[in-house]
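> I'd like to go over a predicted model; first the sequence, then the structure.
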Amino acid sequence: NAGVTQTPKFRILKIGQSMTLQCTQDMNHNYMYWYRQDPGMGLKLIYYSVGAGITDKGEVPNGYNVSRSTTEDFPLRLELAAPSQTSVYFCASSQTGEGTGNTIYFGEGSWLTVV
Amino acid sequence: DAKTTQPPSMDCAEGRAANLPCNHSTISGNEYVYWYRQIHSQGPQYIIHGLKNNETNEMASLIITEDRKSSTLILPHATLRDTAVYYCIVSRRGKLIFGQGTELSVKP
């Protein structure tokens, strides 16, 4: 049981390049999330998904796209990288549990620098 | 989702109890209170959560006031390894919106 796995761990992008951050979980969780964390700041929710085929915007979705074709995978795509997207990105997952409360498990993070 | 307010930083002596407060005055009846912590730049780690009653697990205790407008996370015997940023989050349906958190420094 690996939990939440993110790749790559580190990446440097040039302005205007595109890339996909991969995230997979092996806990059969319905909910998955992408957060970003700028230096010295808290986490900001980018996108989340409540199940395969369903995604929704979080607090800071501009400049990103997501898809959820399977329960396990929730990739985050940056189409035209900008310096403002330099950040640490965390993927997370949780079991469904509306009204019951549930724990969110985080990956180790992906450090992205746009130059 | 309800907003939370936490002090930006706190100190605690090693071996003493650390009491971290959180205000969530706009909390709704079905919203849970969650506590997570983040050590250095690692992924946040779940500590505890509750709805109305006080909760305790192997890591901490969570005290929620009767009106549910505030809560306190208690680390009973803080160690140097508990130095981290602690986030109090109020959420429904599992969607967590993080605030700035409290930076706890445990000192020898």
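That came in fine, so what should we check first?

> only C-alpha atoms from now on, for both contacts and neighbour counts.
Will do.

> from the chain's centre, how far out does stretch B:19-39 sit?
6 Å (C-alpha atoms, centre = their mean, to the nearest Å).

> run through who's touching it.
Residues outside stretch B:19-39 that contact it (C-alpha atoms under 8 Å, 6 or more residues apart in numbering or on different chains) are A:99, A:101, B:1-7, B:44-51, B:68-75, B:83-92, B:102.

> can you tell me which of these are in strands?
Residues of these located in strands (DSSP state E): B:45-50, B:70-75, B:84-91, B:102.

> pLDDT value on B:A2, please?
pLDDT recorded at B:A2 is 60.

> now do the same for residue 57: its pLDDT.
By default, I'm working from chain A. A:K57 carries a pLDDT score of 93 in this model.

> hmm, I had chain B in mind actually
Note on B:N57: pLDDT of 93.

> how about the helix or strand encompassing B:V106 and chain A, touching?
Per DSSP states H and E: B:V106 is located in strand B:102-107. No: judged by C-alpha under 8 Å from any C-alpha of the partner chain, strand B:102-107 makes no contact with chain A; its nearest approach is 10.2 Å.

> packing partners for that strand?
The contact analysis (3 or more C-alpha pairs under 8 Å, 6 or more residues apart in numbering or on different chains; DSSP states H and E) places strand B:102-107 against strand B:9-13, strand B:84-91.

> winner for burial among those strands?
Of all these, strand B:84-91 has the most neighbours on average by mean count of other C-alpha atoms under 10 Å in any protein chain shown, namely a mean of 26.

> strands paired with the lowest-mean-pLDDT helix or strand in chain A, and their directions?
The least trusted helix or strand in chain A, going by mean pLDDT, DSSP states H and E, turns out to be strand A:104-106, with a mean of 88. Here strand A:104-106 is paired, per DSSP bridges, with strand A:87-94 (antiparallel).

> hmm, who's touching the partner strand?
The contact list for strand A:87-94, computed with C-alpha under 8 Å, 6+ apart, reads A:4, A:6, A:23, A:25, A:29-39, A:102-113, B:43, B:94.

> roughly how far does B:E31 sit from B:L51?
7 Å (C-alpha to C-alpha, to the nearest Å).

> higher neighbour count, the two?
Between B:E31 and B:L51, counted using other C-alpha atoms under 10 Å in any protein chain shown, B:E31 has the larger neighbour count: 23 against 18.

> coming back round to it: comparing the helices and strands packed on strand B:102-107, which yields the minimum mean pLDDT?
Lowest mean pLDDT within the helices and strands packed on strand B:102-107: strand B:84-91, at a mean of 91.
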